[in-house]
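> fold the following, please.
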Amino acid sequence: MPVPPENCWLNTLNNQGSTGLPGAAYFAGMLVPPSVADFPIPRHLRDSAVLVPVFRDAAGDVQVVLVRRAAFGVHGGQLAFPGGKPEPTDENLLATALREAYEEVGLLPANVEVLASLPPVAVPTGFRITPYLGRIRRPAAWQWQAAEIDEVLEVPLRHLADAATHAEEVWQLPGWPGPRRVPFYRVGAGYALWGASYRIIQPLIPRLLAGEWDI
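Residues are numbered from 1 along each chain as shown. This next block holds a predicted model:
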């Protein structure tokens, strides 16, 4: 999980305090880094699509399926929903989401009942992501594409709905012009669910809890 580096904004202010300049206690309420949501979005966006797979386990609890990307590329190591860019053979973006889910985690399209097309999410990397909520028949064992996926996670909806799971920290990641406030969910073995996947699931949680769809 990304963590604030040693030269993050708060540490810098603490160091200034040792030189006789006002330290963090003075500036804490004045200097607030911008949100990660403030990154500019390109005018021209490329389409992509993801599947948000959900199912009820044997105990009747709703589970949300995520993947952890392999450690390469701009999204290496991040939590995400299965999905990707359209291929010429895809009839539409729903076909893209279903194809990618099959290729990445072996989820057969026949085992997915699409419940809703969710609001698209535009991201600074230049993509417009269209999510599809799907009730799935969980396979006996997940089989994922090792070149792209390191792990498949089943996250209880009640875990994501727990306020103690939700956090916001200041991060400085490679390529960013400065520190940013990043909201995220703590998931699994110390992972952070943030970015586009956070923006997809965050408004969906209360709708799932309210029983808007039969899961």
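> now do the SS call for Pro124.
Recorded secondary structure, Pro124: coil (DSSP: H, G, I helix; E, B strand; the rest coil).
> got a pLDDT number for it?
Reading off the confidence values, Pro124 has pLDDT 89.
> same question, Glu148
Glu148 is assigned 88 on the pLDDT scale.
> what's the burial count for the nearest residue to it once chain neighbours are set aside?
Distance criterion C-beta to C-beta, 6 or more residues apart in numbering; nearest residue to Glu148, sequence neighbours excluded, is Ala70 at 5.5 Å. Quick note: C-beta positions are derived from backbone N, CA and C, even for glycine. Ala70 has 17 neighbours, counted by other C-beta atoms under 10 Å.
> any idea what Thr130 is bridged to?
On the basis of DSSP bridges, Thr130 is bridged to Ala49.
> helices of the protein, start to end?
With helices called from DSSP state H, the chain shows them at 9-17, 24-27, 93-105, 157-161, 195-201, 204-209.
> still on that earlier bit, list the contacts for the residue nearest to Glu148?
Gly76, Gly77, Ala146, Ala147, Glu148, Ile149, Asp150 (C-beta atoms under 8 Å, 6 or more residues apart in numbering).
> separation between the third one and Ala80?
By that I understand Ala146. Per C-beta to C-beta, to the nearest Å, Ala146 is found 16 Å from Ala80.
> Pro42 and Pro34: what is the separation?
18 Å.
> also Trp171?
For Trp171, the distance to Pro34 (C-beta to C-beta) stands at 12 Å.
> do Ala95 as well
Taken as C-beta to C-beta, the span from Ala95 to Pro34 is 37 Å.
> neighbour count winner among these two?
Between Ala95 and Pro34, counted using other C-beta under 10 Å, the more crowded position is Ala95 (15 against 12).
> quick one on the thing from earlier: between Trp171 and Pro34, what contacts are shared?
Common neighbours of Trp171 and Pro34, using C-beta under 8 Å, 6+ apart, are Arg180.
> so who does Val52 touch?
Val52 touches Val64, Phe81, Leu118, Pro131, Tyr132, Leu133, Gly134, Ile200, Ile201, Leu204, counting by C-beta under 8 Å, 6+ apart.
> and those residues, which of them are buried?
Taking 16 or more other C-beta atoms under 10 Å as the criterion, what is buried in the contacts of Val52 is Val64, Phe81, Leu118, Pro131, Tyr132, Leu133, Gly134, Ile200, Ile201, Leu204.
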